[in-house]
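Asker: My questions are about this predicted structure, shown below with the sequence.
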Amino acid sequence: MKSRILIGTFAAAGLALGVGQMTATAVPGDGGTSDTQVGTDVIVGAINGVSNYGTNTVNGVALYGYAFGTTSCNIGTAVLRWSQASSFHPVIPQNAYRIKNGRIEQIGMSWMKYGFCALQESLCATCQSGGVGCGSSQSTLGIGCSDPYGSSLNGSQSGLGPRSHVNASSGYFPGDTSAEIGTWPAMPSGQSLIARRIQIKADDLNPTLNVGAVYLAEAQYVHPDDAAANNDNNNASYIKVTVAASGYAMALSGSTFQQKPAIYHWAQVVPTVAYSVVDMADGRFIVGYNVSLNSNGTYHYEYAIYNMNSDSSGSSFSVPIPAGVTVTNATFKDIAYHSNEVYDGTDWTILNSGGQLVWQCTQTFAQNANANALRFGTLYNFAFDANSAGVTGNTALGVFKTGASIAVRGLVPATPCRVGDLDCNGIIDGADLGSLLANWGPCPGGTPGCPGDLNNNGIVDGADLGTMLANWG
Ligand SMILES: [Ca+2]
Ligand SMILES: [Ca+2]
Ligand SMILES: [Ca+2]
Ligand SMILES: [Ca+2]
């Protein structure tokens, strides 16, 4: 399965191309190695536990609070600086996802855990000398060494800072001085169990509402040294989790999938899912997509777009819709920021016009820097039905901070065949006539729409022949 995904990813990504002022390079996208193999390279070696905090109700919605423990590893060739109060230590966002009914959705996100010092353990490799452990203001994570942060530490609310203060492309954030911490949005009242932690709606966890669902925990490390070494595309890892019927307690299931964001598990559950990897100048997006057949004969298009570490962020997504294709049931799904985070949560608009189905953030960067862009560590869903099967083609991802548009390979609705072009080769000729005559008479079983039944009335007769001849050529 892994090799299949690698090949599919490479093939899809290899066709991604840039338009406008941005540059998109194409590389295999499901992690596994650092990009440069040199310098500092932090990864999540393991998600090591879950803290279950219980529930608070916010605006009438029951939300459950969680934190995931993380063990980082330095798999690079240089020590990783880990100095509290400076910008040179990791910050750690945690996310939760659910795969259900053919879709992967992000169902929760935390603020950023601010790391403060590193032990020197050996989860991923033999820990070499060079690291400076806890107790020094100049702590580092040595080459090959690992450092565990338990889930209760990653859920400690005073040590969780806002995502809006972090640039995941450069890894930069203001050092956690008392002055900086003083600028963090205040803890909302009445949310002592869930504030700043991963928050998930009860309805997204209730087993009777989520039969067959697969749940995933994900964590990512963000660090300026790792970003500067161009080793920041392997910083997210995930693990499966179970959800108990009682109190919706989560528990880890199996082993951590290292250096892979959770979106790559979608194809483990839905094997026809494919991916395009989009590397912008400042970070990586992973676009997952799948087309399935609906019971009514139309096709369901499902796109999940994950921004791993692009500060430029996304602000629109569009799919070409050929003339003659009918689109229904277009939907958008984001994930809510919380705990007084400054970002807006307004849903994107959806417009099918001029040959394009377009999802659009309601404000530009110039209008509102805190608009609901598709930011690092988040995954948004874009879905629709169409009466046309999927063919390989280019979608477009709009960039929030630059206004650029990036072409992204995906599956898009095919141009419909002309009425009477039974073999769909662009011309109505003797081959099509032969097919119509071969099917002359009632359709098998009386089921309308058999080959040649152009007016869909269950019989191939003179009326259909007349239509074909009228369209001849
Ligand atoms: Ca890394
Ligand atoms: Ca929203
Ligand atoms: Ca034909
Ligand atoms: Ca007919």
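Answerer: Structure received. Ligands and ions are numbered 1, 2, ... in the order given.
Asker: Only C-alpha atoms from now on, for both contacts and neighbour counts.
Answerer: Will do.
Asker: How about the contacts made by the residue lying closest to Trp82 once chain neighbours are set aside?
Answerer: In space, and not counting its chain neighbours, Trp82 is closest to His89: 4.1 Å by Cα to Cα, 6 or more residues apart in numbering. By Cα atoms under 8 Å, 6 or more residues apart in numbering, His89 lies in contact with 80-83, 114-117, 223-224.
Asker: From those, which land in strands?
Answerer: Using DSSP state E, 80-81, 114 are the members of these that sit in strands.
Asker: element containing the closest residue to Thr392 other than its chain neighbours, please.
Answerer: Excluding the flanking residues, the one nearest Thr392 by Cα to Cα, 6+ apart is Leu411, at 4.6 Å. Following DSSP states H and E, one finds Leu411 within strand 405-413.
Asker: Spit out the contact partners of the residue of the stretch 351-473 of the chain found nearest ligand 2.
Answerer: Ranked by Cα to the ion, the top residue of the stretch 351-473 of the chain for proximity to ligand 2 is Asn372, at 7.5 Å. By Cα under 8 Å, 6+ apart, the contact set of Asn372 is 315, 343-348, 361-363.
Asker: So it, which state does it fall into?
Answerer: coil (DSSP: H, G, I helix; E, B strand; the rest coil).
Asker: Dihedrals phi and psi, it?
Answerer: Dihedral pair for Asn372: phi -80, psi 60, per degrees, to the nearest 10.
Asker: That one and Tyr343, how far apart?
Answerer: 6 Å (Cα to Cα, to the nearest Å).
Asker: With Ala219 instead?
Answerer: Distance of Ala219 to Tyr343, given as Cα to Cα: 21 Å.
Asker: quick one, which of those two is more surrounded?
Answerer: A count of neighbours by other Cα atoms under 10 Å puts Ala219 above the other of Ala219 and Tyr343, at 30 against 17.
Asker: Run me through the strand neighbours of the helix or strand harbouring the more buried one, direction for each.
Answerer: Using DSSP H and E, Ala219 sits in strand 214-220. Neighbouring strands of strand 214-220 in its sheet, by DSSP bridges, are strand 91-100 (antiparallel), strand 236-243 (antiparallel).
Asker: Would you reformat those strands as JSON lines and include mean neighbour count and distance to ligand 2?
Answerer: Formatted as JSON lines, the strands paired with strand 214-220 follow (neighbours: other Cα atoms under 10 Å; distance: least, Cα to the ion, whole Å):
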{"stretch": "strand 91-100", "mean neighbour count": "24", "distance to ligand 2": "16"}
{"stretch": "strand 236-243", "mean neighbour count": "23", "distance to ligand 2": "24"}
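Asker: Count the residues that sit near whatever residue of the stretch 151-300 of the chain ends up closest to ligand 4.
Answerer: Using Cα to the ion, the closest approach of the stretch 151-300 of the chain to ligand 4 is made by Gly297 at 18.9 Å. Applying other Cα under 10 Å, we find 11 residues neighbouring Gly297.
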